[in-house]
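>>> structure for the following, please:
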Amino acid sequence: MTIEIMEVEPYSRLAQQIKELLNGAFEGDFSTEDWEHTLGGVRFLGWMDGDLVAHGAISTRNIWLNELPTQIGYVEAIAVKPELWGRGYGTQLMEKLSEKALDLHEISMLSTDEKGFYKRIGWIDFQGESFVKIGTEEIRTADEDAGLMLLSRDLKGLEKIVKAVCESRSGDAW
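Residues are numbered from 1 along each chain as shown. Below you'll find the predicted structure:
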């Protein structure tokens, strides 16, 4: 698989191909809001014999970590065509994406139900409490805590992050 970092026009034919890949990989559960969360970031596309087979994105988000406003890299829409699962393509994609995340951001985050996969690549569990900021109010998002993961060159510093607050957005906050 060849991985390219590309800009994609949101309404292009390639964008439609990416949406189809994501919809298949997420078993029909990839929403318009999920797509919007991938826009404006760094997009990674995996190709085999001219066919799009993998996708991932890093978007910049404003997150308050221990009350300090921080621009982080937030990983979105990691997917591989289902018929290619289990062949290492997702690992290859995430290794390249994680390397770029480390270059671009002091700290990156993601939310997942597949933590074992990301741990193999160097991501660690978020140990604190998560919140979403709506206006001036912070709403606890305890159900999100278990899925949040962090990546940084300074792994010991990540253990000190006990609170993360994201800005509200359409669809999933995290």
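
>>> look through this structure and tell me its longest helix.
When the chain is parsed with DSSP state H, its longest helix is helix 89-104.

>>> ok, and what's touching it?
1, 3, 5, 42, 44, 46, 53-56, 58, 73, 75, 78, 80, 108, 117-118, 120-123, 151-153 (CB atoms under 8 Å, 6 or more residues apart in numbering). All C-beta atoms are positioned from the backbone trio N, CA, C, and that covers glycine.

>>> if you set the cut-off to 7 Å instead, what comes out?
1, 3, 42, 44, 46, 53-54, 56, 58, 73, 75, 78, 80, 108, 117-118, 121-122, 151, 153 (CB atoms under 7 Å, 6 or more residues apart in numbering).

>>> the residues you listed in helices, which ones?
Under the assignment DSSP H, these contribute F117, Y118 to helices.

>>> the closest residue in space to R120 that isn't next to it in sequence and A101, how far apart?
Nearest residue to R120, sequence neighbours excluded (CB to CB, 6 or more residues apart in numbering): T91, at 7.1 Å. In this view, T91 and A101 are 15 Å apart by CB to CB, to the nearest Å.

>>> and G41, by the same measure?
10 Å.

>>> the residue nearest to I124 when sequence neighbours are not counted bridge partners, please.
The shortest distance from I124 to any non-neighbouring residue, by CB to CB, 6+ apart, is to L150 (5.6 Å). Beta-bridge partners recorded for L150 (DSSP bridges): M109, I124.

>>> tell me the strands beside the strand ranked longest in the chain, with direction?
For the chain, the strand with the greatest residue count under DSSP state E is strand 51-65. According to DSSP bridges, strand 51-65 forms sheet pairs with strand 42-48 (antiparallel), strand 68-80 (antiparallel), strand 163-167 (antiparallel).

>>> show residues contacting the host helix or strand of I5.
Using DSSP states H and E, I5 sits within strand 2-6. Here strand 2-6 makes contact (CB under 7 Å, 6+ apart) with V42, R43, F44, L45, G46, W47, Q92, L93, K96.
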